[in-house]
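Trainee: coordinates for the following, if possible.
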Amino acid sequence: MIVQETRGLRVLVVEDNVDTAFTLAALLRQEGHEVQVAPDGPTALQLAQGDLPDVALLDIGLPGMDGHDVARWLQTQPGEKRPLLIAITGKDHEEDRRRSAEAGLDLHLLKPVEPDDLRRLLRRFQGIIRPGFEPSEPMA
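Mentor: Residues are numbered from 1 along each chain as shown. Just a heads-up that it's a prediction; the model follows:
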């Protein structure tokens, strides 16, 4: 008998626009994910210290400490787990994508992110890190 794991992902949303951050958090919680929101880089580091998220959704243009620096820090933390690092930004020049790749970000998505695309992406990742997890709906 196969037992399906239904526990959602632990997601850290790092976004300085309050409306965007809480809309994104509400969408993710609706999907069953555990979500923490940080309005800036230093707060993100505090929330992630000692217990890294499964996924970090990072705005790049943060005050003080940008999303690239947060991504670099997350990758230096001890432990077996490395979060999936996703830039969610309005910057889409070749230089922006190069900087994201150099900082170790796995994906570079443009704002506004389509909710269905984000849902599918996180379901796929959940299926990878939690063998036996099967999404409740087919993924396109």
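Trainee: now find how far off-centre stretch 34-42 is within its chain.
Mentor: 10 Å (C-alpha atoms, centre = their mean, to the nearest Å).
Trainee: before we move on, what about stretch 85-93?
Mentor: 12 Å.
Trainee: list the buried residues of that stretch.
Mentor: With burial defined by 16 or more other C-beta atoms under 10 Å, the residues of stretch 85-93 counted as buried are 85-89. Backbone N, C-alpha and C define where each C-beta goes, glycine included.
Trainee: next: stretch 122-132.
Mentor: Neighbour-count burial for stretch 122-132 [16+ other C-beta under 10 Å]: 122-123, 125-126, 130.
Trainee: closest to Asp106 among those residues?
Mentor: Distance to Asp106, by C-beta to C-beta, is smallest for Phe125 among the buried residues of stretch 122-132, at 9.3 Å.
Trainee: pLDDT score for the closest one?
Mentor: On the pLDDT scale, Phe125 is placed at 95.
Trainee: so which elements touch whichever strand or helix holds it?
Mentor: Following DSSP states H and E, one finds Phe125 within helix 115-129. Counting contacts by 3 or more C-beta pairs under 8 Å, 6 or more residues apart in numbering; DSSP states H and E, helix 115-129 is packed against helix 18-30, strand 107-110.
Trainee: what about the protein, any weak spots by pLDDT?
Mentor: Applying pLDDT under 70 to the chain flags residues 1-6, 132-140.
Trainee: and the strands in it, which stretches?
Mentor: For the chain, the strands defined by DSSP state E occupy 10-14, 34-38, 55-58, 84-89, 107-110.
Trainee: neighbouring strands of the third one in the sheet, and parallel or not?
Mentor: According to DSSP bridges, the neighbouring strands of strand 55-58, each with its direction, are strand 10-14 (parallel), strand 84-89 (parallel).
Trainee: only alpha carbons, please: show it as CSV.
Mentor: Extracted C-alpha coordinates of strand 55-58, given in CSV (Å, rounded to 0.1, in the frame of the first residue of the first chain):
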residue,chain,number,x,y,z
VAL,A,55,11.4,26.8,-1.8
ALA,A,56,12.4,30.5,-1.7
LEU,A,57,10.6,33.0,-3.9
LEU,A,58,12.9,36.0,-4.1
